[in-house]
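Participant: I need the structure of the sequence given here:
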Amino acid sequence: MHIWKKPIDIDLLNQSSVNTMMEHLNIVYTEVTDSTISATMPVCHFTHQPLGMLHGGASVVLAETLGSVAANCCVDEDTYCVGLDINANHIRAVKSGTVTGVAQPMHIGVSTQVWQINIHDERDRLVCTSRLTIAVKKKK
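Facilitator: Numbers count the residues shown, from 1 in each chain. Alright, predicted model coming up:
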């Protein structure tokens, strides 16, 4: 089922990351399906925590980025979405390579949305699972 109310162009999404945290962490949007958005992020010195593993906060940034962008593509032009609550369970340590996050909707309502974002390593092993609750607001 196609859930998007706005056209989604991966190149435009990536251009929108210029001068943001997404650019700093080198988050790159890679795929859009009828109901998911995916992006990658490197695991390296700028996403590591002091023990040399992927920082949980970097995983949360990837998760909230994907869920927020997806949520905003599911609403009309007179509406916008912002994160209300995020939960993340860090399952597996990753020291290098690239992780891929995929956001899929659990609930798309009039005033709230809930998105599940799973992050996997290059061997398709679950690294982090996150749930993002979104507030849907009317533009003034």
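
Participant: mean confidence score for stretch 45-61?
Facilitator: For stretch 45-61, mean pLDDT is 97.

Participant: ok, now stretch 112-129?
Facilitator: For stretch 112-129, the per-residue pLDDT averages 98.

Participant: which helix is the longest one in this protein?
Facilitator: Of all the segments of type helix in the chain, defined by DSSP state H, the longest one is helix 56-72.

Participant: now do the strands in the chain.
Facilitator: 28-32, 37-43, 79-90, 97-108, 112-120, 126-138 (DSSP state E).

Participant: what is the third one packed up against?
Facilitator: Strand 79-90 is packed against helix 56-72, strand 126-138, with contacts defined by 3 or more C-beta pairs under 8 Å, 6 or more residues apart in numbering; DSSP states H and E. C-beta: built from backbone N, CA, C; applies to glycine.

Participant: go on, the fifth one?
Facilitator: Applying 3+ C-beta pairs under 8 Å, 6+ apart, we find strand 112-120 packed against helix 56-72, strand 97-108, strand 126-138.

Participant: before we move on, the earlier item: buried stuff in the longest helix of the chain?
Facilitator: 58-72 (16 or more other C-beta atoms under 10 Å).

Participant: now what about that helix, what contacts it?
Facilitator: 6, 13, 21-22, 25, 27, 29, 36-39, 41, 47, 49, 80-83, 86, 88, 90, 99, 101-103, 105, 113, 115, 117, 119, 127-128, 130, 132, 134, 136 (C-beta atoms under 8 Å, 6 or more residues apart in numbering).

Participant: now those: which count as buried?
Facilitator: Neighbour counting with 16+ other C-beta under 10 Å marks 13, 22, 25, 27, 29, 36-39, 41, 47, 81, 83, 86, 88, 90, 99, 101-103, 105, 113, 115, 117, 119, 127-128, 130, 132, 134, 136 as buried within the contacts of helix 56-72.

Participant: and the closest residue to N89 other than its chain neighbours, how far from Q113?
Facilitator: Of all residues not flanking N89 in the chain, T129 sits nearest, at 5.2 Å (C-beta to C-beta, 6 or more residues apart in numbering). With the distance defined as C-beta to C-beta, to the nearest Å, T129 ends up 17 Å from Q113.
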